[in-house]
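Participant: just need the structure, nothing else, for what follows:
(4 chains)
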Number of protein chains: 2
Amino acid sequence: MTLPDTVLMGVKPVIRELAAGETLFAAGDAARGFFLVRSGRMRLVRFSAGGRETALFVAGPGERFAEASLFAETYHCDAVALIESSVACFPKAAVLTLLQANTSATMDLMADLARQVMDLRAALTLRDIRSARERVLAYLVARAGRDGRTISIDGRLKDVAAAIGLTPEALYRTLAQLEAEGAVRRGEDSITLT
Amino acid sequence: MTLPDTVLMGVKPVIRELAAGETLFAAGDAARGFFLVRSGRMRLVRFSAGGRETALFVAGPGERFAEASLFAETYHCDAVALIESSVACFPKAAVLTLLQANTSATMDLMADLARQVMDLRAALTLRDIRSARERVLAYLVARAGRDGRTISIDGRLKDVAAAIGLTPEALYRTLAQLEAEGAVRRGEDSITLT
DNA sequence: CGCTTCATTGACACACATCAATGACAGTGG
DNA sequence: CCACTGTCATTGATGTGTGTCAATGAAGCG
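Facilitator: Residues are numbered from 1 along each chain as shown, chains lettered A, B, ... in the order given. Reported below is the predicted structural model:
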């Protein structure tokens, strides 16, 4: 989820700390560059004519946002800190210069973007599965390791639930049911398909 | 959703026609390049140890898939035609050569990928809105034109429904309700927020 | 003209969200 | 060292919002 080292190390980012509710940039502002969340949570919002607010994206630690600003003159939404946050700003000019000079960094960044596109599409396809049971199974299959059976669970289950668009309760119940049926086996930090 | 002209025109794609159910490539095959759906519908699937099949992505006309194969040795899933389909294959070597030679094409492709990432994230965030009413409103705000009020509907409403993860019926009902409340006004090929 | 697809509305059921309660566990501070 | 606090995991009870099935009209099309 972080930038390839070549780019991160090649461009020195500017660190910016934000209080909860503080605005990082607004729609129409000149695009300074893209950002990486170091801590906290940034919310990208767009406003309709009637003042209605809509979240386009919520970025957590390690996630980048506003990458497309590298190729645009201005930002097209507002970025507001949901909670106290720290972000790294990668200046547009410096990044573009680096990309023109260093083809290796360019390829790395492009590879990273291509992988993100695939991951996001997979996540989106997962959401099209209505049934919690089938969605969980699909998630497990997609995340299975080399043996095609074992899935390591790094964080908390509630984060997994959020990642696949279920409430924690729905995930707990589904996993319990799958285990009762013998479809999966649960370990300490892992789940195994059977 | 289609590749920038510079890349499309710079690399001559190989056209491949597939019957329903025919396999384009399988996991483990050497990566030949990425593809663009010209017509039909391609399904990217992964199989678990138990033979369980999971769709990672379904690509429709105008959509690309397997872009990450440019940066990988082999494919990591199977691509099967869901219905009779025609795809354009952009050979890996030719694309990479072009990207190294032509920085303009590289920037175009990267800009396209960055935009896709943002779009996909926005789509994913949209799916986190449970309520059909709120989700439809958020979609409309996000797709509003320059005035922030008018949304042009190109295709059919059922496609819109699929794009936001609702059944056509749910969308019809929601729009009817919003119109009845006076929240939106519906034109021939457009919807206006009020 | 049939035939197909889309848009629309109705009726109904069920799966999941929601609210609630409990136990386990880690961290914290007196 | 032990209450105290907060979070997560888990399970139960309940309601409702969508999905699903179904029927109709309208529009395009060969």
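Participant: from now on I want contacts and neighbour counts done on CA atoms only, so please keep to that.
Facilitator: Fine.
Participant: ok and the residue in chain A nearest DNA strand C?
Facilitator: residue A:131 (3.0 Å; Cα to the nearest atom of the strand).
Participant: do you know how far that residue is from chain B?
Facilitator: 13 Å (Cα to the nearest Cα, to the nearest Å).
Participant: residues contacting that residue?
Facilitator: Residue A:131 sits next to no residue when contact means Cα atoms under 8 Å, 6 or more residues apart in numbering or on different chains.
Participant: next, it: phi, psi?
Facilitator: When read as degrees, to the nearest 10, the backbone of residue A:131 gives phi -60, psi 130.
Participant: next SSE downstream of the helix or strand of chain A with the lowest mean pLDDT?
Facilitator: The weakest-scoring helix or strand in chain A, judged by mean pLDDT, DSSP states H and E, is helix A:5-10 (a mean of 62). Going down the chain from helix A:5-10, the next helix or strand is strand A:14-18, by DSSP states H and E.
Participant: in which helix or strand does the residue nearest to residue A:103 when sequence neighbours are not counted reside?
Facilitator: For residue A:103, ignoring the flanking residues on the chain, the nearest one in space by Cα to Cα, 6 or more residues apart in numbering or on different chains is residue B:100 at 7.2 Å. According to DSSP H and E, residue B:100 maps onto helix B:92-101.
Participant: can you check residue A:126 too?
Facilitator: Judged by DSSP H and E, residue A:126 forms part of helix A:103-127.
Participant: so which bits of that helix are buried?
Facilitator: A:105-127 (16 or more other Cα atoms under 10 Å in any protein chain shown).
Participant: distance check, residue A:170 against residue A:123.
Facilitator: 18 Å (Cα to Cα, to the nearest Å).
Participant: show me the contacts for residue A:11.
Facilitator: A:90, A:94, A:95, A:98.
Participant: could you find the closest non-adjacent residue to residue A:45?
Facilitator: Spatial nearest neighbour of residue A:45, chain neighbours left out: residue A:55 (4.4 Å); criterion: Cα to Cα, 6+ apart.
Participant: for that neighbour, helix, strand, or coil?
Facilitator: Here residue A:55 is recorded as strand under DSSP: H, G, I helix; E, B strand; the rest coil.
Participant: gap between residue A:139 and residue A:150?
Facilitator: Distance from residue A:139 to residue A:150, by Cα to Cα: 12 Å.
Participant: check the residue nearest in space to the middle of chain A and give its pLDDT.
Facilitator: For chain A, the residue nearest the mean C-alpha position is residue A:63 (5.1 Å; Cα atoms, centre = their mean). pLDDT for residue A:63: 87.
Participant: so how far is residue B:188 from it?
Facilitator: In this view, residue A:63 and residue B:188 are 40 Å apart by Cα to Cα.
Participant: then residue A:168?
Facilitator: 42 Å.
Participant: neighbour count for these two, which is higher?
Facilitator: Taking neighbours as other Cα atoms under 10 Å in any protein chain shown, residue A:168 and residue B:188 compare with residue A:168 leading, 16 against 7.
Participant: now that one. Its backbone dihedrals?
Facilitator: Backbone torsions of residue A:168, given as degrees, to the nearest 10, read phi -50, psi -40.
Participant: mind checking how far it is from chain B?
Facilitator: Separation of residue A:168 from chain B (Cα to the nearest Cα) stands at 14 Å.
Participant: which residues does that residue contact?
Facilitator: A:157, A:158, A:161, A:162.
Participant: burial count for the third one?
Facilitator: The burial count assigned to residue A:161 is 17, neighbours taken as other Cα under 10 Å.
Participant: ditto for the second one
Facilitator: For residue A:158, the number of neighbouring residues by other Cα under 10 Å comes to 14.
Participant: so where's chain A shaky on pLDDT?
Facilitator: Scanning chain A for pLDDT under 70 picks out the ranges A:1-9, A:48-52.
Participant: repeat that with 80
Facilitator: A:1-10, A:47-55, A:102-103 (pLDDT under 80).
Participant: enumerate the residues of it near DNA strand C.
Facilitator: Counting by Cα under 7 Å from any atom of the strand, chain A comes close to DNA strand C at A:130, A:131, A:132, A:133, A:165, A:166, A:167, A:169, A:170.
Participant: JSON lines for those residues, including secondary structure and distance to residue B:144?
Facilitator: Shown next, in JSON lines, are these (DSSP: H, G, I helix; E, B strand; the rest coil; distance: Cα to Cα, whole Å):
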{"residue": "A:130", "secondary structure": "coil", "distance to residue B:144": "28"}
{"residue": "A:131", "secondary structure": "coil", "distance to residue B:144": "31"}
{"residue": "A:132", "secondary structure": "helix", "distance to residue B:144": "32"}
{"residue": "A:133", "secondary structure": "helix", "distance to residue B:144": "36"}
{"residue": "A:165", "secondary structure": "coil", "distance to residue B:144": "26"}
{"residue": "A:166", "secondary structure": "coil", "distance to residue B:144": "29"}
{"residue": "A:167", "secondary structure": "coil", "distance to residue B:144": "30"}
{"residue": "A:169", "secondary structure": "helix", "distance to residue B:144": "35"}
{"residue": "A:170", "secondary structure": "helix", "distance to residue B:144": "34"}
